[in-house]
Every structure is written in C-alpha cells, then in structure tokens.
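Engineer: Just a sequence and a predicted model for now, questions to come.
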Amino acid sequence: MMQGTWAALMLLVALHVALASNRAVEPWRGLGSALSGPSRVLHSSCETAPFPELKPTYLESKVAGVEWAGVDDQHVFVVTVKSAIWRSKDGGTTFEDITERFKSSIKDDEPVSISQVLSHKKNPNMIIFVNAGEYMWTSQDYGETLTPHKNPGGFKGAGTVLKPHPTQPDWILAHAKRPGCKILDEVEMRCASDLLVAQDAFTEMTWVNLTANAAGSIAGFVDWGWGLGACIKSSCEGLNLPDATIYATMYEHAGDWDMAWDPDVHFVRSDDFFKTMKYKVPCGNQFELLGREIYLAVSNKCPQDMSGKPRTVDPSGPPGITLHTSADGGITFKAACLPVALRQEGYELLETHDFQGAIVIVDYLVKTMMGNLQASSAYTAGPQHSLFSVSLSSIYKQDVLSGSTDFLRVDGVPGVFIANTLTATMMGSMGGMKMKPTVLTKITYNGGGTWQNIKAPSKFNYQKCDRCGGAKDCSLHLHGASSWFFGSIQYPSVYSNPSSPGLLVGSGNVGGEGIGLDDNDG
C-alpha cells in the first residue's frame with residue numbers, strides 16, 4: 001500500500017476533550033463521587049526526549065498475539081498465525097525465532113503451535129507457553145531454557161483458556177475441553193469441559209481437576225472465573241471472598257447443556273475448589289465480573305425462581321434471558337431493569353471508567369429491504385447499576401457473526417465513549433430514490449448522557465484526505481472493532497490507552513452531512 005494511502009487510513013487524533021467539544025466538559029452523570037481520585041494537571045508543554053528510531057521486524061506471517069514480560073518492557077514474545085514464537089530481549093528492537101527450542105525439548109512428534117503466553121506477575125522471568133497439543137512449557141529465564149509438561153488426562157491446549165489469579169501469582173485456572181471432543185461434535189451436543197487449577201503453575205504445574213473435586217455433582221463447566229475478579233480493580237472490602245473463591249456456571253448431568261440460554265445450566269460459587277458449593281442460582285447461564293458487581297444472565301424458561309422454588313413458565317413468554325446483578329459476592333441477586341428484553345441475539349457488557357459498573361449493549365436485528373442488519377443499543381445505569389435507560393440506539397456491527405460492536409471506551413478520559421451508528425441516507429434522483437445504509441461516528445463526554453458528531457480536523461498532512469469540500473458541518477468517522485475482525489478488508493479499530501489520556505489512534509475518513517464511514521476511504 002502506498003504511503004499516501006496509509007496516510008489517509010491512519011488518523012492520529014489528539015482528543016483534548018474540552019477543546020474538541022468547544023465547551024466545558026459536563027459531569028459524568030449517574031456515577032456520583034466514584035470519579036474522585038488523585039488530581040491531574042494538564043501541562044502546556046512537556047520536556048522533549050530523544051526516542052530511538054523504530055525499525056520494522058519482518059516475521060514469517062501475521063502477528064496473532066503479543067506478551068510483554070516484566071516492568072522494563074524489554075522481553076517481548078510474539079506469536080504468529082503460522083504458529084511461530086518470536087522473542088525480543090531489547091524491547092522489540094530485534095526479534096529471534098525460538099520455535100525450534102520447543103520442538104527439541106520433547107521426544108514426541110507433536111507440532112509446536114503456541115496459542116497463549118503468560119508471564120508471572122511478580123517474577124516476570126517465569127513464563128508459561130501453552131501449545132495447541134498435549135504439552136505446555138515453563139521457563140524460569142525468559143524462554144532461554146524450557147521445561148515441557150504433558151497435560152493431565154490428555155487434554156489439548158487448542159481451545160483451552162488460562163486465567164491467572166488476581167492476587168496469587170502462582171495460581172492459574174484452566175478451562176479445557178475433554179479429550180476426544182471434536183469440532184463437529186458441537187453440532188449435535190455441546191462438548192463437555194473441565195475446570196482445572198494449578199497452585200504451582202509456573203514451576204511444577206500440578207493440575208487438580210475441579211470436576212473430579214465435585215464428586216459427581218458437576219458434569220461440566222460452561223462459564224468460570226476467579227471470585228476476586230469481581231472487585232480487584234475497585235475494593236473487595238466487605239465481600240468476604242477467600243482467595244480460593246471461584247464463580248462458575250455448570251450443568252449436573254451429562255448432555256444437559258444442549259441449547260443457548262439453557263435452563264439446565266446453573267450459576268454456583270465455591271470457596272474450596274468445588275469440594276462444596278456455597279451458593280447456587282438456578283438457570284444462571286453466563287456471567288461477567290465488573291467492578292464489585294456480578295452480572296448474571298438467567299434463562300427466561302427457568303422452572304425455578306432465584307431461590308430454587310418451583311415456578312410456572314409461560315411457553316409463550318419471551319425467549320432469551322433476564323439480567324440479574326449481585327453486589328454482595330453472589331449471595332443475593334436482583335433483576336436489572338432494562339427497557340428491552342434480552343433475546344437470543346446476545347448482549348455485551350462494557351466496564352465503566354471508574355470500575356464500578358457497566359454499560360449494557362444489547363444486540364438486535366433490523367429488517368430492511370436489503371435483508372437483516374445487525375445493530376445494538378447501549379443502556380447506562382445510575383449509582384446502583386440496576387436501573388438502566390437507553391443511551392444510544394442503532395449502534396453498528398459490520399457482520400452478524402461479529403463478536404464486537406462498534407462501541408469504544410476511551411481509556412484515560414472518564415465519561416468519554418465513541419460509537420458508530422447506523423442510519424439511512426436517501427440516494428439518487430426523484431425518479432429513482434433509494435435508501436443507503438450510512439455509518440456515522442458519535443462521541444459522548446458525559447458517560448452516554450448526550451452524543452454528538454466528532455468535528456473534522458482543520459489541517460491535513462495530505463490534502464487528498466480532506467473530503468469536506470468546504471462544508472461547514474464536516475465530521476470525522478472512525479472504524480470500530482467489527483471492521484477489524486470482519487469484512488473483505490480489515491481496517492484498524494480505534495485504539496486508546498490509559499497511559500496516554502486523550503490520545504486516540506484510528507483509521508477512517510471525513511465527510512460532510514450525509515456522508516459517513518467509507519470502506520474505500522484510502
């Protein structure tokens with residue numbers, strides 16, 4: 001791609017909130033004193049420091065994942081789509097392919113296909129490498145030497161997900177499909193998965209199967225997470241969560257999990273690695289841990305109420321789920337009040353800047369003459385995070401199968417979110433008018449209270465990028481997450497980082513009224 005084209009694609013947006021909005025920033029409504037914290041001062045200038053020249057490193061294929069090990073950011077591991085593993089010891093200036101080290105460390109003829117790299121939070125020289133096959137590796141010296149570990153029971157690393165404990169750096173949970181489960185098996189019946197824990201994961205890697213710990217009361221795990229994940233970014237005070245607390249959704253009999261939002265899947269809490277279960281919510285299928293809250297999706301077809309007592313289910317009632325929240329570590333739940341039913345199309349939860357609550361993004365289908373279009377609506381809540389109201393509708397998704405909606409939290413600037421919305425523009429002459437879907441980028445500075453266009457920049461490094469044509473109302477439109485993962489051409493999504501408040505990197509275009517995001521914006 002030519003340099004000028006890339007210049008058109010990549011827009012570096014310095015988002016100084018008050019200046020961009022041409023007004024004072026409104027308070028972030030609904031979150032009260034949650035934004036209180038260390039004061040920040042915006043300096044008019046910063047001392048300049050020389051930066052080393054960045055030179056490209058050419059790998060054998062595209063990058064699939066990156067892990068930075070250590071606070072000095074000198075050790076970097078890169079996994080590629082062709083399963084190679086590259087390492088840098090100088091902060092990314094140079095890389096070496098260390099794939100052969102893994103192959104030579106085992107006698108079995110197992111292909112090396114690293115899918116996940118984890119570094120120890122206190123001793124970053126200790127690394128875990130997860131392979132797609134039956135082996136994992138540990139290293140005590142940033143990958144210089146490797147120790148192979150064969151997975152217990154023969155489970156494969158492909159599809160296995162590891163989660164480190166928030167406060168115990170040696171502890172890791174692993175969610176793994178049972179051996180013998182094949183991809184096509186999912187068509188007829190959900191493959192059973194086990195949950196395993198290792199409390200010496202970076203050294204001996206001794207796995208304990210929590211399904212076996214449950215002694216027959218659990219047939220398989222669906223969703224899962226460490227209990228302290230519910231409050232580690234805010235405060236766990238008063239929640240009485242031991243280090244061993246785990247939340248999970250599970251089913252009790254083989255073959256029970258056979259549909260979306262299944263009434264045979266239940267939410268449980270255990271404080272002793274599932275030797276016992278402390279609390280159970282019938283029909284709780286999926287959960288998220290955000291702030292101090294647990295957001296739990298409960299099937300509307302559940303034959304029991306939240307306490308386990310029988311209830312009558314209306315067969316003609318709404319499908320899907322009801323969202324419940326818990327603020328006491330999963331002891332009690334209350335239904336979240338949303339002005340829309342959560343049906344089978346799904347939903348997302350996006351954590352707020354203060355780590356105290358969530359924005360609920362609900363998916364739905366829009367029927368048009370051109371077929372069904374995927375869209376979403378965003379709902380925000382007040383201080384109790386249970387009563388939600390609509391903030392923005394018709395949020396864009398590029399593909400029906402996309403797992404991401406074009407709704408972004410701008411990290412480092414409380415209350416600022418960016419979203420792409422779907423609207424219709426009339427095209428053609430009087431004799432042949434037709435409606436064309438148009439994607440417009442919106443921004444909010446008050447946590448979703450009000451939304452507005454992003455004003456187009458007044459200066460362009462390349463004049464051909466200026467498509468305003470002298471229009472007074474000219475706006476900036478940016479590609480979102482769904483454009484990055486789907487479509488014939490992948491466009492980089494808007495990116496922000498809390499270490500650089502107010503700075504956005506993205507790709508897109510500018511346009512006057514009625515002109516939105518252009519897939520040919522190069």
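Structural biologist: Looks like it came in fine. Residues are numbered from 1 along each chain as shown.
Engineer: Which stretches in the stretch 351-500 of the chain count as strands?
Structural biologist: 358-368, 371-381, 388-396, 407-409, 417-427, 434-444, 452-455, 475-478 (DSSP state E, counting those that start in this stretch).
Engineer: how about a markdown table for those strands, with mean neighbour count and mean pLDDT added?
Structural biologist: Just so you know, the C-beta spots here come from the backbone N, C-alpha and C atoms, and that holds for glycine as well. Formatted as a markdown table, the strands of the stretch 351-500 of the chain follow (neighbours: other C-beta atoms under 10 Å; pLDDT from 0 to 100):
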| stretch | mean neighbour count | mean pLDDT |
| --- | --- | --- |
| strand 358-368 | 18 | 79 |
| strand 371-381 | 20 | 81 |
| strand 388-396 | 20 | 90 |
| strand 407-409 | 22 | 93 |
| strand 417-427 | 18 | 82 |
| strand 434-444 | 19 | 84 |
| strand 452-455 | 16 | 94 |
| strand 475-478 | 24 | 93 |
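Engineer: Could you export those as JSON lines, including distance to Thr276?
Structural biologist: Formatted as JSON lines, these follow (distance: least, C-beta to C-beta, whole Å):
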{"stretch": "strand 358-368", "distance to Thr276": "30"}
{"stretch": "strand 371-381", "distance to Thr276": "34"}
{"stretch": "strand 388-396", "distance to Thr276": "35"}
{"stretch": "strand 407-409", "distance to Thr276": "38"}
{"stretch": "strand 417-427", "distance to Thr276": "42"}
{"stretch": "strand 434-444", "distance to Thr276": "45"}
{"stretch": "strand 452-455", "distance to Thr276": "53"}
{"stretch": "strand 475-478", "distance to Thr276": "50"}
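Engineer: Test my guess that Glu277 contacts His266.
Structural biologist: I think there's a mix-up here, since residue 277 is Met and not Glu. No - at 9.5 Å, Met277 does not count as touching His266 under the criterion of C-beta atoms under 8 Å.
Engineer: quick one, which of the two is more surrounded?
Structural biologist: His266 (26 against 18; other C-beta atoms under 10 Å).
Engineer: okay but the more buried one is in contact with Ala248, surely?
Structural biologist: No - His266 is not in contact with Ala248 according to C-beta under 8 Å; the separation is 9.3 Å.
Engineer: ok, and the closest non-adjacent residue to Met205?
Structural biologist: His149 (4.5 Å; C-beta to C-beta, 6 or more residues apart in numbering).
Engineer: Is the one you found in a helix, a strand, or coil?
Structural biologist: Secondary structure, DSSP: H, G, I helix; E, B strand; the rest coil: His149 is strand.
Engineer: Tell me if I'm right that it and Trp137 touch.
Structural biologist: Yes - in this structure, His149 is within contact of Trp137 by C-beta under 8 Å, at 7.0 Å.
Engineer: Which one's more surrounded, the two?
Structural biologist: More crowded of His149 and Trp137, by other C-beta under 10 Å: Trp137, with 24 against 18.
Engineer: And the more buried one, how far from Ser115?
Structural biologist: Applying C-beta to C-beta, to the nearest Å, the value for Trp137 to Ser115 is 12 Å.
Engineer: between those two, what contacts are shared?
Structural biologist: Listed as contacting both Trp137 and Ser115 by C-beta atoms under 8 Å, 6 or more residues apart in numbering are Asn131.
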